[in-house]
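Engineer: Model the following, please.
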Amino acid sequence: MDYWIGLLIIIGKSSLIYVFIVVAIRFFGKKELAQLSVIDLVFILLISNAVQNAMVGNDNTVQGGIAAALGLFVVNYLLKFLTYRSALFSKAVQGEAVLLVYQGKMMNENLKDAMITKEEVEAVIREHGVANCAEVDLAIMEVDGNISVISKNYEHRSTRKRKAHKVLRQQD
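Structural biologist: Predicted coordinates for the structure are as follows:
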């Protein structure tokens, strides 16, 4: 009986840590994984190491690891389900898209709110094959941290394959 209670405690602690990390990342900002700096990567690695003991304590058994993983999978599923089902919950957890460039002009206040520099935006614009900011109609930081760029000639766009696939399926 105590064994099963111990595993349930691990599941509960892992779930609590997961929710805390999601809230903390939402509060302190986000970037696309491909845009992580060395500082961001080191931070993520250290956070994972720092919370490990809080999740499993002294239990380093396979069953303890499975219990922790199970808790994380369940909470991850629940958050995704709630995000899908509720626009209000989705907005609270993921935030909203942020307009970074509009008709060739950087939206400085929005850059500040998104905690992204002009240099970072310019680099993303170049990655999309656009020479400079003046050629950009829209650059938007999406809720997942990706930056979409639409240039004046509409040849350079960034779309997520999953969304494009949904649109294509709806047309069938």
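Engineer: can you give me phi and psi for residue 141?
Structural biologist: phi -90, psi 110 (degrees, to the nearest 10).
Engineer: what's the pLDDT at it?
Structural biologist: pLDDT, residue 141: 90.
Engineer: chain center to the helix or strand harbouring residue 25: distance?
Structural biologist: Per DSSP states H and E, residue 25 falls inside helix 2-28. Computed by CA atoms, centre = their mean, to the nearest Å, the chain-centroid distance of helix 2-28 equals 19 Å.
Engineer: tell me which residues of that helix are tucked away?
Structural biologist: For helix 2-28, a neighbour-count test (16 or more other CB atoms under 10 Å) marks 6, 7, 10, 11, 13, 14, 15, 17, 18 as buried. Backbone N, C-alpha and C define where each C-beta goes, glycine included.
Engineer: Output the contacting helices and strands for it.
Structural biologist: The helices and strands touching helix 2-28, judged by 3 or more CB pairs under 8 Å, 6 or more residues apart in numbering; DSSP states H and E, are helix 38-56, helix 62-85, helix 87-94.
Engineer: go with 6 Å
Structural biologist: Contact here means 3 or more CB pairs under 6 Å, 6 or more residues apart in numbering; DSSP states H and E; on that basis helix 2-28 packs against helix 38-56, helix 62-85.
Engineer: for those, which one sits closest to residue 149?
Structural biologist: helix 38-56 (21.4 Å; CB to CB).
Engineer: Need the contact partners of the closest one.
Structural biologist: Helix 38-56 is contacted from outside by 10, 13, 14, 17, 64, 68, using CB atoms under 6 Å, 6 or more residues apart in numbering.
Engineer: Can you give me the domain assignment for this protein?
Structural biologist: Per the record, the chain has its domains at 2-94, 98-171, by automatic domain parsing.
Engineer: Comparing those domains, which yields the minimum mean pLDDT?
Structural biologist: Here the domains of the chain differ in mean pLDDT, and the lowest is domain 98-171 at a mean of 78.
Engineer: Check the offset of that domain from the chain's centre.
Structural biologist: 16 Å.
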